[in-house]
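In: fold the following.
(chains A and B)
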Amino acid sequence: MMSPIIVVERLYRKFTLGVESITVLEDIDLTIDRGECIVLKGISGSGKTTLLSIMAGLDKPTEGNVIIDSESIAKLPDLHISKFRAKKIGMIFQHFNLLEHLSVWDNVLVPLVPMGIDMDRAREMIESSLALANISHKSDTLASRLSGGEKQRVAIARALVSNPEIILCDEPTANLDLGNSVKFIEILQKLHSLGKTIVVATHDPLFDNLPFESRVIPMANGKIETDI
Amino acid sequence: MNQLLMNNQVMIYLLMEVIVSVMLLIALYWAIKMLISWDFGSFSTAQYRLEKRSYLVSTILLFSFVVKFFLLIYFVFTIDSISILIPGAMCAAGVVSANDYGMQLLLTKLLILFFMLLWMSINSYDMRAKNYPLFRFKQVIFLIIFMMVAIEGYLDIEYFTHIDIRQPVSCCSTLYGQLEGSNPLPFGLDIRNLMILFYMIYTLLMVTLWYKYRIVTIVLAVLFIFISYYGVVYLFGTYVYRLPTHKCPFCMMQREYYFIGYLIWGTLFIGSYQAIISSFINLYTKSDILYNERRAMVLLSIFVAVCSSYVALYYLQNGVFL
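Out: The predicted model follows:
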């Protein structure tokens, strides 16, 4: 029996705009087992990205709890959540969020800097994650000179460099053409075969019925519609 | 109205105290609310709101305490500078003794400084921990500080409104010379034994800080403040003034002595307080906040080095002691 790695309990997220309170997530309960590949599906504004951000510790809930690998992260202070995220979670963003003036190598190095890893070990880790994302041949190129597909692969390498157990992807194919989207899914399959837990928030139909995905969870108006 | 209240420095000082007090009052409102409703185990909206608010309150308090620290220095500077307005006063010693409230006010300020440093150390530990382990303790310390600040405010008003600028006061030369013939030093010590005790406690304090004998450190640090006060006033100060009869804790804060008093008293009080507080917190939390103990060691060593250097320099220049 697989053990849960992500547990979301009675989660609410509300934003205040003047006197108006907007509920973005409402009463979310979700359990994801180790090694699962989950797709959160929904239109823009359904709350996928907010849910992913709270799972990554980038945002805090208004109510409820998030437990990652048996540790409650909803209330961890910034200092601790940063260390926790660096160790446990790799995040891939829709707009890649690369540092454009740095080379591919340096972009992938960035998450290792706060971890205080020595340079020889860092070199090994970077080489291995660049190889896994099929972007080793561009390691000296500036991020600003890469195509969309290449940028996405650098973002994957950066997410994988610290060998996290969980990979969270926010609309990973929204800025990619069909060919690059398919390549991205192939990399995802490779990561799944390595035992990583993957959560993808997307509205891309390419993610429907993937052979390796465990569940598709539809979201609308901040709620999980049905957890299949 | 007392003419002294129209003095620029007194006005600035009192105005700043009022501003800081208003900030503390806002923080007090939230601190009480947090003390009543705080439940870290809860994942309710109200608890999340309190946790966010606690960051704001800590920031307000940290800012207010830093301002109050500089206000303490400014207070000493102010009473020293108004000594020219009061007949008989040559430095802050005369102004402090202008009425009964002066010394009470100064001691209250030193006590507030101690609790502020205690709060800052607890806050620093609490913010670095995962689950606010000292949150309630920190708020209780703040309540104590607030009560003392209220007393301080009362003493501030009473002190400045009761200084009569036509009434002559005793300055340091008579204040500290009035016991001529009797021994003003504690435990019947003479200067030689006072110095032996001074350097012995300092050495022991360094050893206990280094090896983390925490209860002994607290006792020694309290003793060191006491002995050092007499050491500075009755020996080291006379080398600062280069006059064996000039025994004053305040004159050394004046420009003619290069404001060295601020460094001497500052390093003594903050260093000793740090030693007490870090040992106390480490005992209480069973943790190890090394940097606070190291900081205490550095500050106390600076204090001893500065004091000793005045004696050594005088001896090197003149070939005799005072």
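
In: biggest helix in chain A by residues?
Out: Scanning chain A for the longest helix, with DSSP state H as the assignment, gives helix A:178-193.

In: skipping its backbone neighbours, what lies nearest B:Met23 in space?
Out: Take B:Met23 and drop its neighbours on the chain: the residue closest to it by C-beta to C-beta, 6 or more residues apart in numbering or on different chains is B:Ser64, 4.8 Å away. Every residue, glycine included, has its C-beta placed from N, CA and C.

In: whatever helix or strand that neighbour lives in packs against which elements?
Out: When elements are assigned from DSSP states H and E, B:Ser64 belongs to helix B:45-81. Identification of packing neighbours for helix B:45-81 by 3 or more C-beta pairs under 8 Å, 6 or more residues apart in numbering or on different chains; DSSP states H and E yields helix B:8-37, helix B:92-96, helix B:101-128, helix B:135-161, helix B:260-285.

In: quick one: closest of these to B:Arg214.
Out: Comparing the helices and strands packed on helix B:45-81 against B:Arg214 with C-beta to C-beta, the closest turns out to be helix B:260-285 (3.9 Å).

In: chain center to that closest one, what's the gap?
Out: The chain centre lies 9 Å from the centre of helix B:260-285; the measure is C-alpha atoms, centre = their mean, to the nearest Å.

In: my read: A:Glu213 touches A:Val39, true?
Out: Yes: counting by C-beta atoms under 8 Å, A:Glu213 touches A:Val39, with 5.6 Å between them.

In: anything in contact with each of these two?
Out: Common contacts of A:Glu213 and A:Val39 (C-beta atoms under 8 Å, 6 or more residues apart in numbering or on different chains): A:Phe207.

In: quick one: name the residues of chain A near chain B.
Out: Applying C-beta under 8 Å from any C-beta of the partner chain, we find that chain A lies next to chain B at A:9-10, A:12, A:14, A:60-65, A:74-77, A:79-80.

In: got the residues of chain B near chain A?
Out: When proximity is defined by C-beta under 8 Å from any C-beta, chain B lies next to chain A at B:Phe40, B:Phe43, B:Ser44, B:Thr45, B:Tyr48, B:Glu51, B:Met127, B:Arg128, B:Ala129, B:Lys130, B:Asn131.

In: nearest residue to the fourth one other than its sequence neighbours?
Out: With C-beta to C-beta, 6+ apart as the measure, A:Glu63 is the residue that lies nearest to B:Thr45, at 4.6 Å, once sequence neighbours are left out.

In: how about the stretch 51-200 of chain B: which residue is closest to chain A?
Out: Checking the stretch 51-200 of chain B residue by residue against chain A with C-beta to the nearest C-beta singles out B:Lys130 as nearest, at 5.4 Å.

In: secondary structure element holding that residue?
Out: Secondary structure from DSSP H and E places B:Lys130 outside every helix and strand.

In: next, give phi and psi for A:Asp33.
Out: Geometry field for A:Asp33 lists phi and psi as phi -80, psi 160, criterion degrees, to the nearest 10.

In: residue ranges in the chain under the pLDDT threshold?
Out: In the absence of a named chain, this looks at chain A. When the per-residue scores of chain A are filtered using pLDDT under 70, the ranges that remain are A:1-2, A:227-228.

In: switch to chain B, that's the one I care about
Out: Applying pLDDT under 70 to chain B flags the ranges B:1, B:172-182, B:287-291.

In: hang on, the earlier thing: mean neighbour count, the helices and strands packed on helix B:45-81: which tops it?
Out: Of all the helices and strands packed on helix B:45-81, helix B:92-96 carries the top mean neighbour count, a mean of 27, counting by mean count of other C-beta atoms under 10 Å in any protein chain shown.

In: so what's the residue nearest to the spatial centre of chain B up against?
Out: Closest to where the C-alpha atoms of chain B average out (C-alpha atoms, centre = their mean) is B:Leu110, at 3.8 Å. Contact analysis of B:Leu110 by C-beta under 8 Å, 6+ apart lists B:Phe269.
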